[in-house]
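Asker: Build the 3D model from these lines:
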Amino acid sequence: MLFMLIVKASKNSEGGNLPNLELNEAMTKYNEELVQAGVRVMAKGLHPSSNGIRLSFPEPGGKPVVTDGPFTESKELIAGFILIDVKSREEAIEWAMRMPDPQGYGEGQIELRQVF
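Answerer: The predicted structure is shown next:
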């Protein structure tokens, strides 16, 4: 079963602030554990939304509207993700619970979603 651990953006990640050394080491260790367990498929961080482009479709069948970032509502943005392949929803939750606060500063939030 594929699950995506979606790391939500924060003011710090949107500001382009990289994690401190301690958090960076903790995330590296966590990713190594995922690899050693054979469950990590992919893990990537994303640039801030100031480098992003959003396409919206306001009219059915119409042309998309292109909007350059940044996008103001950071709690709705994604800073990165980890894709894992596990045996159950419970195992996915266990792995998500082991992730260090991905943003530090008490701002971290992870959303866990199963992939079709």
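Asker: Walking through this protein, point out its strands one by one.
Answerer: Taking DSSP state E as the criterion, the chain contains strands spanning 2-8, 40-45, 53-56, 65-68, 78-85, 110-114.
Asker: Could I get the buried residue list for stretch 87-97?
Answerer: By neighbour count on 16 or more other C-beta atoms under 10 Å, the buried set for stretch 87-97 is 91-92, 95-96. All C-beta atoms are positioned from the backbone trio N, CA, C, and that covers glycine.
Asker: ditto for stretch 15-26
Answerer: Residues 19, 23, 26 are the ones in stretch 15-26 that count as buried (16+ other C-beta under 10 Å).
Asker: From R54, how far out is the second one?
Answerer: L23 sits 28 Å away from R54, taking C-beta to C-beta, to the nearest Å as the criterion.
Asker: By mean pLDDT, flag the weakest helix or strand of the protein.
Answerer: Every helix and strand in the chain was compared by mean pLDDT, DSSP states H and E; the lowest is helix 11-14, with a mean of 84.
Asker: Which residues does that helix contact?
Answerer: Here helix 11-14 makes contact (C-beta atoms under 8 Å, 6 or more residues apart in numbering) with 48-50, 70, 74, 77, 79, 103-105, 107.
Asker: If we use 10 Å, what do you get?
Answerer: Where contact means C-beta atoms under 10 Å, 6 or more residues apart in numbering, the residues beyond helix 11-14 that reach it are 7, 17-19, 45-50, 69-72, 74-75, 77-80, 102-105, 107-108.
Asker: go on, stretch 48-67?
Answerer: With C-beta under 10 Å, 6+ apart as the criterion, stretch 48-67 contacts 9, 12-17, 46, 68-74, 76-79.
Asker: run the last query once more with 7 Å
Answerer: Counting contacts by C-beta atoms under 7 Å, 6 or more residues apart in numbering, the residues outside stretch 48-67 that touch it are 13-14, 16, 68-71, 77.
Asker: for stretch 79-92, same thing?
Answerer: Applying C-beta under 7 Å, 6+ apart, the set of residues contacting stretch 79-92 from outside is 1-10, 13, 34, 39-46, 95, 112.
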